[in-house]
Every structure is written in structure tokens, then in C-alpha cells.
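# Just need the structure, nothing else, for what follows:
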Amino acid sequence: MTYSFFGTCADDHDQFFGCLKTILTQTILPKQIILVDSGNLNIEKEIQKKINNKDIFLIYIFEKISRVKSLNMAIDKSTTRYSFRFDSRSRFSKSYAENAIRLLSDKSLDLAVVGGVPKILNSSYKFQAFICAEIMRRQYIFFFPRHRNPKYSGFSSSVYLGCFRTDLLQNIRFSDNKKLLSEDSLIINEFLERGFKVFLSSNINISYVCRDSLLNIIKLFNTYGYCRINTIITSRKLFISKRHFYVFIIVSFLSFMLIKYSFLYLFFLILILFVFNLFNEIFFLRKNFKVYMPFYATLCQFSWIFGFFWGLLGILRRKKIQSNFIS
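Down below sits the predicted model:
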């Protein structure tokens, strides 16, 4: 069974070469590596040197375009049965492709998309890098989604990157919208709406090198919130998963209870989030409990909320963000 790795990068070439190293050590090598590079430096020759004499065909496209356009351009070039997406910060276990192909080729399961829950890696041993990784490891900050539970195996409404059947992916495609979108959520939602099965396996091992700047992590959460409202508007679906519905019910209930204290609502919201984070840090982290993490968690969640409402207000603004790259 042949497969391709496809993805994008934009001046994060050091991270990309770290990813490439794990692609080139797969137990089953890809037939193609497809990269759309929107950076300022052409690295095609350096990539070809890394591939060396391996039987892998490189398709390198050097063009400044948004991420969703880059992804669609990349999948159009794929000629293999399966297409596996990569990110410059992703790192793959040697058996990643082999295990993904085994699931995708199992006719009894009839799966269209498979993937694994990423293990979060520190980018360095500096304090900020450590804090950033700890934030991204904590499932409770994201309200316990299945796709952030490394022990989970089963059907899911979200997959990090994803391993796809190429024919279906080329037909469904990523949402080519100028607004900043969560293209991962939209593409998986499209597969599910058309009746295809999406599966997470604890045997598909993947890692993610976390950012090393706390400010960038806070900005990332802000972008997540901004993406969520744009995704809702584009898909016309308020809830992509049950988790979104439950969070909406809880927030609506709290808003109703605190409406008469409107001038203090923001304070109460921050306090409630902090208590929620503190409770989960104590009872779910136990040996890995960090007294300062609930503060960082609340800050990130509030950044998400701000991004969500900023995006909602953005409907009235003429100037929109048109890049899908997150620094």
C-alpha cells in the first residue's frame, strides 16, 4: 500500500528538518513527500540531500499562500492510495505509517481517517519551554476532549493532522476560506457528515514539539478562540462535538445565574475557571501537581474567550485576518 506525507512550512525550517528525520526512518517509507513552503528561503536542495538515495519522490512547491490553499495544493499532487499530513513540529514514531496503513486497509473497519494523540515534547529545558509544554499536556484546560487523551482508542470528532484515504481527501478538501479557520475541525467534520468513520488509535504514536514562548502559547489560545467562531460561522454548526454543547450549557447557566451581577461577571468567570483548573490540577495530576499551573491555565482559557468574542465582533469589521499560519 503506497502513501505520501504532505504538509506545509513557513520559515520554521529547523523544525521541519526535525520532522523530516522521523519521516525518513519509517518502517514503511513513503512513496512521496509533498511540501508547500511559504517561507523566504528555498530549501529544496537541502531536503533532497536528506532523502539521498531513498526511493522517495520529493514534490517541493515554493509559494507564499495561506495554509489551507497550501494543503489543497499538496493533496492535489498526491498519487498514492493514502495521504498522511505532517506539521513542521510533528515527530513520528518509526511504526507510525505502518500502524496507520494497517488500520486504513482493514476492510472490516472501513475507516476513512485515522490518527493518534500527540505526546507533547519540550522544545528545550528552559523554564518557559517547560511551562508551555505543561500547559499543552493538561487535558482539563481544553475540557477533556478525547483527541487529547493519549490512552484513548476509538471513534473521534477530531484528529491531530490525520492519515487519510487520498481519493476521499481530494474530493472533500480543506475549506479554502479567507478567514482564519480551524481547518482540522472542519475537514474531520466534513468526513463525519458524509458518513465516513474517523478513528484514533493509541498505537499510532506521534509527538509534537511545543512552542517555547509563553506569550506565543497565549496567542495560540487566542487564535484557537478566533478560529472557533469562524469555524462555526463557516460550517453553520454551533456544536461540532458533544463537548462543545456541554461547555455551552454550563456557560449559559452561569451567565443566567450571574446576570444581575453583570458588572462583576468577568471577575466571576475568571474565578470559576480558576477553581475548575485548581480542582483538576489537584485531583487528576496528583504526583505531577504544580501549584502555579491553574494560574497559567486560566490565563490561556481567558485568552481563548477573548479571541472567540473578538472574532464574533470581527463579523462587523471589513478587514479580516487572511493567513492560516500561527506563529
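
# Tell me where the stretch 1-150 of the chain has strands.
3-9, 32-37, 57-62, 82-86, 90-92, 113-115, 119-121 (DSSP state E, counting those that start in this stretch).

# Out of those, which is closest to Phe308?
Among the strands of the stretch 1-150 of the chain, strand 119-121 comes nearest to Phe308, with 23.3 Å by C-beta to C-beta. Any C-beta I mention is one placed from the backbone N, CA and C, and that applies to glycine too.

# Just the residues contacting that closest one, thanks.
Arg91, Ala133, Met136, Arg137, Pro150, Asn205, Ile206, Ser207, Tyr208, Val209, Cys210 (C-beta atoms under 8 Å, 6 or more residues apart in numbering).

# By neighbours, which of those residues wins?
Tallying neighbours with other C-beta atoms under 10 Å puts Cys210 at the head of the contacts of strand 119-121, with 24 neighbours.

# which residues does that residue contact?
So Cys210 contacts Arg89, Ile120, Leu121, Asn122, Ser123, Ala129, Cys132, Ala133, Met136, Ile217 (C-beta under 8 Å, 6+ apart).

# repeat for Gly39
Gly39 touches Cys9, Ala10, Asp11, Asp12, His13, counting by C-beta under 8 Å, 6+ apart.

# returning to that earlier point: which one of the contacts of Cys210 is nearest Asn230?
Nearest member of these to Asn230, counting by C-beta to C-beta, is Ile217, at 20.4 Å.

# so what's that closest one closest to, chain neighbours aside?
In this structure, Ile217 finds its nearest non-sequential neighbour in Cys132, 4.8 Å apart by C-beta to C-beta, 6 or more residues apart in numbering.

# Next one: that neighbour from Met1, what distance?
37 Å (C-beta to C-beta, to the nearest Å).

# circling back to that earlier point, Throw the contacts of strand 119-121 into a markdown table and include distance to Val159 and pLDDT, thanks.
Shown next, in a markdown table, are the contacts of strand 119-121 (distance: C-beta to C-beta, whole Å; pLDDT from 0 to 100):
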| residue | distance to Val159 | pLDDT |
| --- | --- | --- |
| Arg91 | 17 | 96 |
| Ala133 | 21 | 94 |
| Met136 | 17 | 93 |
| Arg137 | 18 | 91 |
| Pro150 | 14 | 84 |
| Asn205 | 14 | 94 |
| Ile206 | 10 | 95 |
| Ser207 | 15 | 95 |
| Tyr208 | 13 | 94 |
| Val209 | 19 | 94 |
| Cys210 | 19 | 92 |
